[in-house]
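# what's the 3D shape of this:
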Amino acid sequence: METIESRRIKFGVLLSLQIPSIACYLGLIYHITSNRVTLRALHNHAPLVLLFVGLITVIVDLSMILNFLRTGIVNPSTDVYCRIWNFIDLLLYALVSILMLWTSVERHILIFHHHQLLNTERKCFFGHYFPYCVIFGYLILFYTYIAFIHSCENHFDYYQVVCAGLCFVYDPPALGVFDQFAHTVIPSILIVILNLGLWFRVLWQKHHRMRRTMEWRQHRKMILQFLPVSILYSCGYLPFGFVQCYQAINGPTNLSLAIQQLYFFYLFYLIGTLHPFACLIGMPEIYWKWFCRRNPRVIPTCIQQKHKRNKVAATAM
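Reported below is the predicted structural model:
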């Protein structure tokens, strides 16, 4: 059961992280977009898209959550607002999950099949840019149908977060199970498998086939760039997805509802605020550029004076 004290704790934690998170998001986005070479690098596009989605989550979706935690009631208390809130929440949640899955797949392409699959403009469009259009288009259409067109009757509770959700989760349950498995559970499992497979594949190539140190360093950098973010989101997505699937198949229980609504649900927003800091771990060059300025080198004057004395002595001789 949600209490005033638990709401205040969640409100304080999330609010204290929101502003630093937004600042870090903006700094990372500026770092990638301000440099033409960095922006044109294909391996930076997926992190950039994820940063934009995460920034929208922290600014828009998290602000709605904070407003609810502050007052304890959905405001404004209307069906239209509840539908819009659920649409935004579900869309952003699924976008991050599917985009991270595609990023995991694309890392294999960029490292091992770049010259075969991305060596022309046409292949680059269909193999790199077009999947993003498909992901955004599919998810926007799917959740537009779920939130505004699906014929089941919603029973919104204005004293529950996201108005207690949309009716498609239980009516019919197959649609809710598909949503959780297709957009949460399966992507999270595949992300773990693909990233582990990428590590083993790169290490095998390094020891058996790859002789160039620079190429190995570039591949290692591409892996480490995404690894902290994938671990962060997998730890938050899998628990919530399994509980949601259990409820859709077996029906909600008091325990499952309490675990989901009091703890697992808010992991998504906590992870969203931590996302840019995880990116900094995977991009140490940005961290050093921001926080660890090099001290200027100082040349002792005595060395210069000694050099002058030697020059004068040589001239006298």
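# where's Leu69 relative to Asp79, distance?
As judged by CB to CB, to the nearest Å, Leu69 and Asp79 stand 21 Å apart. In short, each C-beta sits where N, CA and C put it, glycine included.
# Poorly predicted segments of the stretch 101-250 of the chain, please.
206-219, 248 (pLDDT under 70).
# quick one on the thing from earlier: Leu69 and Asp79: who's more crowded?
A direct count of neighbours by other CB atoms under 10 Å for Leu69 and Asp79 places Leu69 higher, at 21 against 11.
# Going by secondary structure, the residue nearest to that one when sequence neighbours are not counted is in what exactly?
Among residues not flanking Leu69 along the chain, Phe11 sits closest, at 4.0 Å (CB to CB, 6 or more residues apart in numbering). Element membership for Phe11 (DSSP states H and E) is helix 4-33.
# in that helix, what counts as buried?
Within helix 4-33, the residues scored as buried using 16 or more other CB atoms under 10 Å are 7, 10-11, 14, 17-18, 21-22, 24-25, 28-29, 31-32.
# Equivalent analysis for stretch 258-269, please.
Neighbour-count burial for stretch 258-269 flags 259-261, 264-266, 268-269 (criterion: 16+ other CB under 10 Å).
# List every C-alpha atom in it, with coordinates, as PDB.
The C-alpha coordinates for stretch 258-269 follow below in PDB (Å, rounded to 0.1, in the frame of the first residue of the first chain):
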ATOM      1  CA  ALA A 258       2.300  -4.200  -4.400                       C
ATOM      2  CA  ILE A 259       5.700  -5.300  -5.800                       C
ATOM      3  CA  GLN A 260       4.900  -3.800  -9.200                       C
ATOM      4  CA  GLN A 261       3.400  -0.500  -8.200                       C
ATOM      5  CA  LEU A 262       5.600   0.300  -5.200                       C
ATOM      6  CA  TYR A 263       9.000  -0.800  -6.400                       C
ATOM      7  CA  PHE A 264       9.500  -2.200 -10.000                       C
ATOM      8  CA  PHE A 265       7.400   0.500 -11.700                       C
ATOM      9  CA  TYR A 266       9.600   3.300 -10.500                       C
ATOM     10  CA  LEU A 267      12.800   1.500 -11.600                       C
ATOM     11  CA  PHE A 268      12.300   2.800 -15.200                       C
ATOM     12  CA  TYR A 269      12.400   6.400 -14.100                       C
END
